[in-house]
Each structure stands twice: as structure tokens, then as C-alpha cells.
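Asker: sequence and predicted structure below; questions after.
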Amino acid sequence: MKPSNLRVVITGASSGIGAATALAFARQGSTLVLGARGKAGLDDIAARCRAAGGHAETRVVDVTDAAAVADFAGQARAILGTIDLWFSDVGIGVLGKYTDVPVADHAHVINTNLVSHMNDAHAVLPIFLAQGHGIWVNMISLGGYIASPWAAAYTASKFGLRGFSAALRGELHDHPRIHICDVYPVFVATPALGHTGNYTGARLAWPPGALAPETVADAVVQLARRPRATTAVGVPVVALQAGGLANPVAAPLMSRFLASWSRRADYAPHTTGTMYAPPAAPSGIDGGTRPPGRQRNTALAVGAALVAGAIGMRLLRGRT
């Protein structure tokens with residue numbers, strides 16, 4: 001498909017990767033319907049899309065509400081005529097030891113990160129089937145392969161999203177023009193840290209080497225031209241998969257590291273961030289959080305994933 005002719009729907013479009021992707025499609029003349037909880041953020045990104053040469057309509061929608069998502073999909077189809085690509089990008093997180101985080105917060109992460117994407121797919125797949133084509137892009141993350149201690153609900157949601165996509169591909173095998181595409185970036189410098197629930201007692205910061213949101217946005221735009229099941233951004237797919245095999249070793253090491261880090265980091269009070277309500281003002285694409293030295297440190301991240309994968313493979317060989 002040519003991006004200049006695409007009709008695109010993005011949920012989670014008010015900031016971060018969703019906003020960057022909206023702008024990337026707009027620059028190529030696509031027509032967009034953007035959805036999110038926060039009107040201020042949506043209005044900001046829609047204005048940027050129009051200034052970049054695209055066409056953008058916005059709708060406030062809570063994607064954890066299946067009926068609201070179905071209505072949103074119907075409105076999007078009425079506006080666009082055809083939906084060529086739907087990008088499910090809604091995601092939140094809460095950090096802290098599992099038992100230190102209220103169970104209601106864990107449940108909200110699962111509902112937002114996993115169930116909302118299921119709501120999106122349930123709303124748009126009948127449209128794809130009726131029109132005979134469509135691309136559903138499922139934003140997952142490094143956390144879909146590699147377990148994240150102190151982010152247990154986030155890990156559960158991302159592992160769940162990976163399995164959900166695999167199941168959908170099986171069901172849609174006989175519809176070759178309908179594609180289920182997963183995207184797995186490493187750390188991305190978005191406003192998410194300011195939105196995250198934090199029960200660690202420590203101030204959060206992106207690690208050196210975090211990707212720019214535009215890097216992930218470019219990968220999503222590429223899927224419109226060449227859909228594929230798995231797209232890793234920041235590491236090769238094989239390194240991501242190999243790193244997942246190292247979870248039995250990597251997860252305990254990461255938990256110990258986080259415990260040490262939380263004792264040494266600057267103090268921050270417990271907060272639910274924007275888990276339960278959108279920001280009052282636009283957050284933008286990166287929220288001013290981009291760390292320096294992305295290129296050099298991204299290479300280090302690749303190396304770390306490969307080492308973790310090698311450890312995992314050695315453990316597996318030792319057990320057979």
C-alpha cells in the first residue's frame with residue numbers, strides 16, 4: 001500500500017509512539033482517525049498532522065470499554081470509508097515489587113494493555129473481513145519476550161499480547177490480505193515515565209540508549225508497505241527471541257539490580273501517574289525525556305540481549 005493513500009486509525013495517539021506514528025503517516029498524506037482518553041493531547045497531535053499535510057479527525061475513547069471501541073470503529077469507518085491499517089498503541093505501566101503495588105493497579109494494567117487491544121481487534125477485524133483486506137498493528141515491546149521484574153502485570157500483559165496475536169494469525173490463515181503485525185521495540189524515550197505508576201520509592205529515568213519514538217513510527221509505516229508478523233526495533237528479532245530464552249537467569253539478576261538501584265536512586269513518592277486519568281495538558285511525542293547517546297548505547301543493548309540469549313541457550317543445552 002502507498003502511505004499517501006492510506007486510511008489509518010490509531011488508538012493511544014495522544015502522545016509517544018502513537019503520536020509519532022500519526023505524524024509519520026500524515027507527512028505522507030494519509031487520512032487519519034486518532035483516538036485516546038485525553039482531548040488536549042489528541043487536539044495537539046491532530047493539529048501537527050494537519051500542518052504536516054495529512055488529514056486527521058479525533059475522537060475521545062476509553063479503549064477498555066468494548067462498546068465504546070465498537071462505536072469508535074464505526075465512526076472511523078464512516079469517516080474514512082475503508083480502514084487500511086489500525087494501530088493499537090495504548091499502554092500503561094506500574095513499577096514496584098509485586099506485593100507493594102495495589103492489586104487494583106495490576107488489574108488496570110492488564111485491562112489497559114491487553115484487554116483494550118483485544119477490544120480494538122474485535123471491533124476492526126469484522127471490518128477487515130467485510131472489505132477483504134486490512135493490517136492490524138499490535139504494539140507490544142521488549143517485554144513480550146523478556147520478563148520484567150518489578151513490572152509483573154506489564155510483563156503478563158505483553159506476554160499475553162504476543163499469544164493473542166499468534167492465535168489471531170491462526171484464525172485468519174485463510175485470509176491472506178488481512179495481516180496481524182506485532183512490533184517489539186526496546187526502551188523508547190516517550191512521556192511514559194511521567195505517566196507510569198511508581199511504587200519503587202525511586203525517581204524513574206530512561207536508560208542511556210533509549211530509542212526515539214520516531215524510530216518506532218518509521219517501522220510501523222513500513223508495515224503498511226510490507227506487512228510481517230514480527231518486527232523488532234532496536235535489536236534483531238533473533239536477539240529478542242534468544243533473550244527471552246534467558247529469562248530463568250536474566251529475571252533474578254534484573255530483580256537484584258532493581259533492588260540495589262532503588263536504594264541508591266533519588267527518592268520519589270508513590271504515585272499512580274496518569275493510569276486512571278489522562279494528562280490535563282499535551283504530553284507530546286517525547287515529553288522532553290530523550291537521553292543522550294542513543295546510537296552508541298543502542299549497540300550496547302543489542303550486545304546485552306545477545307549475551308542473555310547465549311546464557312539461555314547454554315542452560316537449555318545443559319538440561320537436555
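Answerer: Arrived safely. Only a predicted model underlies this, so the values are computations on that prediction, with no experimental measurement involved.
Asker: only C-alpha atoms for contact and neighbour calcs from this point on.
Answerer: Fine.
Asker: pretty sure Gly143 is touching Gly160, no?
Answerer: No. Counting by CA atoms under 8 Å, Gly160 is not a contact partner of Gly143; they are 10.3 Å apart.
Asker: the stretch 1-150 of the chain: helices as residue ranges?
Answerer: 16-27, 39-51, 66-80, 103-110, 116-131 (DSSP state H, counting those that start in this stretch).
Asker: doesn't Ala277 lie inside a strand?
Answerer: No. Counting by DSSP: H, G, I helix; E, B strand; the rest coil, Ala277 is not part of a strand but coil.
Asker: pLDDT at it, what is it?
Answerer: The model reports Ala277 with a pLDDT of 95.
Asker: OK, contacts around it?
Answerer: Going by CA atoms under 8 Å, 6 or more residues apart in numbering, Ala277 touches Arg37.
Asker: how close does it get to Ala36?
Answerer: 11 Å (CA to CA, to the nearest Å).
Asker: what sits in contact with each of the two?
Answerer: Between them, Ala277 and Ala36 share no contacting residue, judged by CA under 8 Å, 6+ apart.
Asker: rewinding a little: would you turn the helices of the stretch 1-150 of the chain into JSON lines with mean neighbour count?
Answerer: Shown next, in JSON lines, are the helices of the stretch 1-150 of the chain (neighbours: other CA atoms under 10 Å):
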{"stretch": "helix 16-27", "mean neighbour count": "27"}
{"stretch": "helix 39-51", "mean neighbour count": "20"}
{"stretch": "helix 66-80", "mean neighbour count": "18"}
{"stretch": "helix 103-110", "mean neighbour count": "17"}
{"stretch": "helix 116-131", "mean neighbour count": "19"}
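Asker: dump those helices to JSON lines, plus mean pLDDT.
Answerer: Output for those, formatted as JSON lines (pLDDT from 0 to 100):
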{"stretch": "helix 16-27", "mean pLDDT": "98"}
{"stretch": "helix 39-51", "mean pLDDT": "98"}
{"stretch": "helix 66-80", "mean pLDDT": "98"}
{"stretch": "helix 103-110", "mean pLDDT": "98"}
{"stretch": "helix 116-131", "mean pLDDT": "98"}
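Asker: relative to Ala217, which of these is closest?
Answerer: helix 16-27 (4.3 Å; CA to CA).
Asker: ok so, going back, tabulate the helices of the stretch 1-150 of the chain in TSV, adding columns for distance to Asp174.
Answerer: Shown next, in TSV, are the helices of the stretch 1-150 of the chain (distance: least, CA to CA, whole Å):
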stretch	distance to Asp174
helix 16-27	29
helix 39-51	36
helix 66-80	24
helix 103-110	30
helix 116-131	11
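Asker: where does this protein have its least confident helix or strand?
Answerer: Least confident helix or strand of the chain, by mean pLDDT, DSSP states H and E, is helix 294-319 with a mean of 40.
Asker: still on that earlier bit, so which of Gly143 and Gly160 has more stuff around it?
Answerer: Gly143 (22 against 18; other CA atoms under 10 Å).
Asker: list the contacts of the more buried one.
Answerer: Contacts of Gly143 by CA under 8 Å, 6+ apart are 154-155, 158-159.
Asker: inside strands: which ones of these?
Answerer: Using DSSP state E, no member of the contacts of Gly143 falls within strands.
Asker: tell me the buried residues within these.
Answerer: Neighbour counting by 16 or more other CA atoms under 10 Å classes 154-155, 158-159 among these as buried.
Asker: which of these sits closest to Ile110?
Answerer: Tyr154 (7.1 Å).
Asker: what about the nearest residue to that closest one once chain neighbours are set aside, how many residues close to it?
Answerer: Distance criterion CA to CA, 6 or more residues apart in numbering; nearest residue to Tyr154, sequence neighbours excluded, is Gly93 at 5.9 Å. Counted with other CA under 10 Å, the neighbours of Gly93 add up to 27.
Asker: pretty sure Gly93 is touching Gly197, no?
Answerer: Yes. With contact defined as CA under 8 Å, Gly93 reaches Gly197; the gap is 6.2 Å.
Asker: common neighbours of these two, please.
Answerer: In contact with both Gly93 and Gly197: Met275, using CA under 8 Å, 6+ apart.
Asker: follow-up on the earlier one: show me the contacts of Gly143 that map onto helices.
Answerer: Counting by DSSP state H, the part of those found in helices is 154-155, 158-159.
Asker: tell me which of those residues is nearest to Gln222?
Answerer: Lys158 (22.2 Å).
Asker: what confidence value was assigned to that closest one?
Answerer: 98.
Asker: how close does it sit to Arg225?
Answerer: 25 Å.
Asker: before we move on, what about Gly96?
Answerer: Gly96 is 40 Å from Arg225, by CA to CA.
Asker: more neighbours: these two, which one.
Answerer: Gly96 (22 against 11).
Asker: I figured that one was touching Tyr154, is that so?
Answerer: No. Using CA under 8 Å, Gly96 is not in contact with Tyr154; the gap is 11.0 Å.
Asker: distance of Pro278 from Val221?
Answerer: Here the criterion is CA to CA. By it, Pro278 lies 26 Å from Val221.
Asker: nice, that's everything, thank you.
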